[in-house]
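1. Curious how this folds, go ahead:
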Amino acid sequence: MRSIRARTLLLVLGLLSLSMTLISYKSYRDAQHEIEELFDAQLAQTARLLAGLVGQNMSQSDRESLQSALNQALQSRQNSATGEIRAGHDYEGKLAFQVLDEQGVMLLQSASAPTGVLAKMVEDFHENDANAHQHLNTEPLSSLAEQLVGYHTVPLDGYHWRLFMLRDSQDNHMILVAEREDVRGELATKIALRSLLPDLVGLPLLALLVWLAIGWGLRPLQRMAELIKSRAPDNLAPLILEPLPIELEPMGAALNRLLMQVNQLLDQEKRFIADAAHELRTPLAVLRIHAQNAMDAPDPQDRNDALRQLGSGVERATRVVAQLLTLARLDPNVVQLAMRELDLLGYVRNELAELIPLALERHQELNLDAIEPADYVLLADGPSLGTLLQNLVSNAVQYTPDGGHIQVQLDAQADAIILRVQDSGPGVAEAQREKLFERFYRLGAGQGAGLGLSIVRRVVELHRGSISLGESPLGGLEVAVRLPRNR
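-> Numbers count the residues shown, from 1 in each chain. As a prediction, the model looks like this:
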C-alpha cells in the first residue's frame with residue numbers, strides 16, 4: 001500500500017474497530033446482565049405486591065375479582081381477538097403468578113402460569129428420592145419453604161422458566177412469580193442491541209471524520225510535495241517550509257542538506273571545468289605548434305627535436321590532467337575516507353620504493369630516516385596518504401638539482417606522527433611559501449601544474465592535520481606534515 005493516508009486510515013480504523021468490538025461485546029454482556037437483574041427485581045417486586053393484595057381472610061368472590069383484574073392487567077398488549085394494541089411499552093414483561101396457602105391450595109393464579117412447576121421444583125430438590133412426586137401431597141407446602149423460597153430456573157414443557165418464590169409470613173401464603181426465559185431473553189437482547197446501535201451507526205461517520213483528520217494532518221507533507229514538484233530543475237535554493245511540523249523537520253533538513261551538497265557538487269564540477277580549461281589551454285596550443293613544426297620541418301634533426309618537445313608537452317598535459325582529477329577526487333564535500341589503522345613507517349617505505357626511479361633518473365639520493373623501534377601506527381586513509389607522499393617527493397625531485405639529496409623523516413610522538421620531506425634544492429623565500437598552496441602557482445619554469453601542494457593540503461585537512469613550510473637542513477625546502485593518531 002503506497003498511500004500513507006490509506007495505510008494510516010486502515011491501521012486506525014482496524015484498531016478502532018477491534019477496540020469497539022471488544023468494548024461493545026463487554027458492554028453488551030454487562031447490559032444483558034444488568035437487564036436480567038432488573039427482570040429478577042421485577043419478579044420480586046411483583047411477588048411482594050401480590051402478597052399485599054391477597055389477604056388470609058379474603059373471600060372467594062374478592063379473589064375472583066382480583067383474579068380477573070390481574071389477568072386483564074397482565075395480558076399481552078395486542079388483543080388476540082381484535083388485533084388492537086393497548087397503550088404501553090414494548091419492553092413490558094409477560095409475568096405469570098400463583099398464590100398458594102400453606103397446604104398448597106391454589107388461591108390465585110394467572111392464566112399463563114405454568115402447571116406442575118412446584119412438582120418439578122420439588123423433584124429437582126429430591127432427584128435421588130423415588131417418592132419425590134409425593135412430597136407435595138404428603139407434606140405441607142410450608143415445610144418446603146426453605147427449599148422453595150428464592151430464585152430458580154426450572155425447565156418445563158420445552159421452556160425454561162425463571163421463578164421467584166416468596167413466603168408471606170403474615171398470611172402463610174406462598175407467592176410464585178414466573179417468567180419464560182426466552183421471552184425475557186428476547187427483551188434483554190433487544191434492549192442491549194439498541195444500546196449498541198449508536199456505535200454501529202457512528203462507525204462509518206467516525207471513519208469519515210478520521211479520513212478528513214488524517215488528510216488535515218498530512219497537509220504539510222502534501223504542501224512540501226507540491227512545493228518540490230513545482231520547483232524548476234535548476235533551482236537548488238533551500239526549501240522554505242515554515243511553519244514545519246516536528247515530524248517533518250528532519251525531512252526538511254535532509255532535503256536542504258541534499259540540495260546544498262548537490263549545489264556544492266555542481267560548483268565543484270564547474271570549478272574543475274574552469275581549472276581544466278584554464279590550465280590545458282596553453283599546453284594544448286603548444287602541442288599543436290610542436291606537431292605543426294614536426295610536419296613542416298624539412299630537416300630530420302629539426303623534426304626529431306619537434307617530436308621530442310611534443311612528447312614532453314604530452315607528458316606535462318598528462319600530469320596536469322592527473323593532478324586535476326586528484327584534486328577533484330579529494331574535495332572535502334565529496335570524498336569519504338576509509339580510515340583504518342595504518343603502520344605509517346611500512347607504508348612510507350613501500351611508497352618510496354616506487355618513487356626511487358624518479359630520483360635515480362636525475363642521479364639524486366632519496367632516503368628514509370626513522371627511529372626504530374617506535375610506534376608509527378595511526379588511523380588514516382592509505383591511498384590519500386600515498387597521493388600526499390607522491391606529490392611531496394615528486395616536487396622535491398623536480399626542484400632539486402641533479403645529484404642532489406632528498407630525505408624523508410618520520411617522528412613518532414604521543415598523539416601524532418610528523419612526516420618531513422627535505423631537499424637540497426634552491427629553497428623558497430619565506431614571503432612566497434604560503435603562495436605555494438594556491439592552485440596553479442608555480443616557481444620558475446617547472447613542468448608541473450602548480451597543484452601538488454594544493455593536493456597535499458587537501459589530504460592533510462581531510463585527516464585533521466596541519467602542514468608547514470620551512471628551511472631544510474639540507475639547504476632547500478622542508479615540508480612538515482603533522483598527522484594526528486585519532487585512535
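2. State the next helix or strand along the chain beyond the longest strand anywhere in the chain.
-> Assignment by DSSP state E gives strand 159-168 as the longest strand of the chain. Using DSSP states H and E, the helix or strand that directly follows strand 159-168 along the chain is strand 173-180.
3. partner strands of the longest strand of the chain, parallel or antiparallel?
-> Strand pairing for strand 159-168, using DSSP bridges, gives strand 150-156 (antiparallel), strand 173-180 (antiparallel).
4. what pLDDT, on average, does it get?
-> For strand 159-168, the mean pLDDT works out to 84.
5. now stretch 475-487
-> 85.
6. any idea how far it is from the chain center?
-> Put simply, stretch 475-487 sits 47 Å off its chain's centre (Cα atoms, centre = their mean, to the nearest Å).
7. Could you pull out the strands in the protein for me?
-> Under DSSP E, the chain gives strands at 96-100, 106-109, 150-156, 159-168, 173-180, 340-343, 365-370, 377-380, 405-412, 416-423, 466-471, 477-484.
8. ranking the strands paired with strand 159-168 by burial, who's on top?
-> strand 173-180 (a mean of 24; mean count of other Cβ atoms under 10 Å). C-beta: built from backbone N, CA, C; applies to glycine.
9. which residues make contact with it from outside it?
-> Strand 173-180 has contacts (Cβ atoms under 8 Å, 6 or more residues apart in numbering) with 39, 43-44, 46-47, 50-51, 54, 56, 93-102, 104, 107, 113-114, 117-118, 141-142, 145, 148, 159-168.
10. Next, the angle strand 96-100 makes with the longest strand of the chain.
-> 40 degrees (axes from the mean of the first three to the mean of the last three Cα atoms, to 10 degrees).
11. Would you map the helices across the protein?
-> All helices of the chain, identified by DSSP state H, fall at 4-53, 60-74, 117-125, 135-138, 145-148, 181-217, 219-230, 249-296, 300-329, 344-361, 382-399, 430-433, 452-462.
12. Make CSV from the strands of the chain and add distance to Arg349 to it.
-> Putting the strands of the chain into CSV (distance: least, Cβ to Cβ, whole Å) gives the following:
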stretch, distance to Arg349
strand 96-100, 112
strand 106-109, 120
strand 150-156, 101
strand 159-168, 101
strand 173-180, 105
strand 340-343, 9
strand 365-370, 6
strand 377-380, 14
strand 405-412, 9
strand 416-423, 13
strand 466-471, 22
strand 477-484, 16
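13. just to revisit the earlier point, for the longest strand of the chain, list every residue counted as buried.
-> Across strand 159-168, burial judged by 16 or more other Cβ atoms under 10 Å covers 161-168.
14. any idea how far the closest residue to Pro473 other than its chain neighbours is from Trp211?
-> Closest residue in space to Pro473, ignoring its immediate chain neighbours: Gln422 at 6.4 Å, by Cβ to Cβ, 6 or more residues apart in numbering. The gap separating Gln422 from Trp211 is 76 Å, by Cβ to Cβ, to the nearest Å.
15. So which of the two has more stuff around it?
-> In this view Gln422 and Trp211 are compared by other Cβ atoms under 10 Å, and Gln422 has more residues nearby, 23 against 16.
16. what sits against that one?
-> Contacts of Gln422 by Cβ under 8 Å, 6+ apart are 396, 406-409, 472-474, 476-478.
17. ok, now with 6 Å
-> Gln422 sits next to 407, 472, 474, 478 when contact means Cβ atoms under 6 Å, 6 or more residues apart in numbering.
18. Could you check how far it is from Tyr376?
-> Applying Cβ to Cβ to Gln422 and Tyr376 gives a distance of 18 Å.
19. surely Ser112 meets Gln98?
-> No. Contact between Ser112 and Gln98 fails when scored by Cβ atoms under 6 Å: they sit 10.7 Å apart.
20. So if I had to pick from these two, which one is more boxed in?
-> A direct count of neighbours by other Cβ under 10 Å for Ser112 and Gln98 places Gln98 higher, at 22 against 16.
21. Grab the nearest non-local neighbour of that one.
-> That would be Leu176: by Cβ to Cβ, 6+ apart, it lies 4.4 Å from Gln98.
22. what pLDDT does the one you found get?
-> Looking at Leu176, its pLDDT reads 85.
23. which residues pair with it across the strands?
-> Taking DSSP bridges as the rule, Leu176 bridges to Gln98, Met165.
24. low-confidence ranges in the stretch 251-400 of the chain?
-> 268, 271-283, 285-286, 313, 316-317, 319-337 (pLDDT under 70).
25. separation between the closest residue to Leu148 other than its chain neighbours and Ala96?
-> What sits nearest to Leu148 in space, not counting adjacent residues and going by Cβ to Cβ, 6+ apart, is Met165, at 4.6 Å. Here Met165 is placed at a distance of 13 Å from Ala96 (Cβ to Cβ).
26. now do Leu10
-> Distance from Leu10 to Ala96, by Cβ to Cβ: 53 Å.
27. What distance do you get for the closest residue to Leu241 other than its chain neighbours to Ile246?
-> Distances taken as Cβ to Cβ, 6+ apart put Gly252 closest to Leu241, at 5.2 Å, once the chain neighbours are dropped. To Ile246, Gly252 is 11 Å away according to Cβ to Cβ.
28. between those two, which one's more packed in?
-> Gly252 (18 against 6).
29. ok, now which ones touch the residue most central in space within the chain?
-> With distances taken as Cα atoms, centre = their mean, the residue of the chain nearest its centroid is Glu247 (11.0 Å). By Cβ under 6 Å, 6+ apart, no residues touch Glu247.
30. separation between it and Arg5?
-> Using Cβ to Cβ, we find Glu247 at a distance of 15 Å from Arg5.
31. domain assignment for the chain?
-> 4-75+92-191, 246-329, 340-484 (automatic domain parsing).
32. Next, format these as JSON lines and append distance to Asp199.
-> Output for the domains of the chain, formatted as JSON lines (distance: least, Cβ to Cβ, whole Å):
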{"stretch": "domain 4-75+92-191", "distance to Asp199": "6"}
{"stretch": "domain 246-329", "distance to Asp199": "31"}
{"stretch": "domain 340-484", "distance to Asp199": "64"}
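33. what's the most buried one of the ones you listed?
-> Highest mean neighbour count among the domains of the chain (mean count of other Cβ under 10 Å): domain 340-484, a mean of 17.
34. mind checking pLDDT for Val408?
-> Listed pLDDT for Val408 reads 92.
35. Could you check what's spatially nearest to it, not counting adjacent residues?
-> Leu368 (5.0 Å).
36. Verify the contact between that neighbour and Gln407 for me.
-> No. With contacts counted by Cβ under 6 Å, Leu368 stays clear of Gln407, the gap being 7.8 Å.
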